[in-house]
Structure formats: structure tokens, C-alpha cells
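Novice: Test case, fold it:
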Amino acid sequence: MSDKTETKTASSNPFAKAVDTQLGQLNAFYDEVAKLQATGLEQTKTALDETARLTKETLGYWANLGAESRRMTLDAYKKTFGFFGTAVG
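Specialist: Numbers count the residues shown, from 1 in each chain. Predicted structure coming up:
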């Protein structure tokens, strides 16, 4: 007979119902947090990949600028030395 009263008490206990409801909501909340975290991590990975790509392109651009600068400097020296009658290049 005590089993019946315990079951009846547990199912009609408003505190137990509130705790069960709260735990269900907490589980749902943390499931949403996990989804948002996964989405955020994917976006961060994408941003890092794009940053790496842009950095590599920038390095290539600076290398081209350096090469062009050296070429223009040598051309200017050749023209300058040409004024003094020295044939260079």
C-alpha cells in the first residue's frame, strides 16, 4: 500500500513537476547553445581561412611591388649614368 501512496504522491507533487519541467527546459537551452557554438566555430574557421588567403595574396602583391621598385630604380640609375656618357645595360 505504501507503493501506491508514493507513486500517487510523486505524480501529484507540484515541486517534482516543476523540477521535471525546469530540467526539460534546461536541456533544450543547452541543445540550442551547442548548435550556436557549432555555427560560431564554423564561421570562425571560414574567417580564418579567408584571412590566410588574403594574407598570402598581400605577400605576393608586396613581392611584386618590391620587384617593380627595384626595376624602376635600376632604370633610373641607368638613365642617370647615361648622362655621364657611360653605357650601362
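Novice: going on from the helix or strand of the chain with the lowest mean pLDDT, what's the next piece of helix or strand?
Specialist: Sorting the helices and strands of the chain by mean pLDDT, DSSP states H and E puts helix 2-12 at the bottom, at a mean of 56. Counting by DSSP states H and E, the element after helix 2-12 in chain order, helix or strand, is helix 14-83.
Novice: Please name every helix or strand in contact with that following helix.
Specialist: Applying 3 or more C-beta pairs under 8 Å, 6 or more residues apart in numbering; DSSP states H and E, we find helix 14-83 packed against no helix or strand. Every residue, glycine included, has its C-beta placed from N, CA and C.
Novice: Now do that helix: distance to the chain's middle.
Specialist: 5 Å (C-alpha atoms, centre = their mean, to the nearest Å).
Novice: Now do the residue nearest the centre of the chain against Gln37, distance only.
Specialist: The centroid of the chain falls nearest to Thr44 when counting by C-alpha atoms, centre = their mean (1.7 Å). The spacing between Thr44 and Gln37, counted by C-beta to C-beta, to the nearest Å, is 10 Å.
Novice: Equivalent analysis for Lys79, please.
Specialist: Taking C-beta to C-beta, one finds Lys79 at 63 Å from Gln37.
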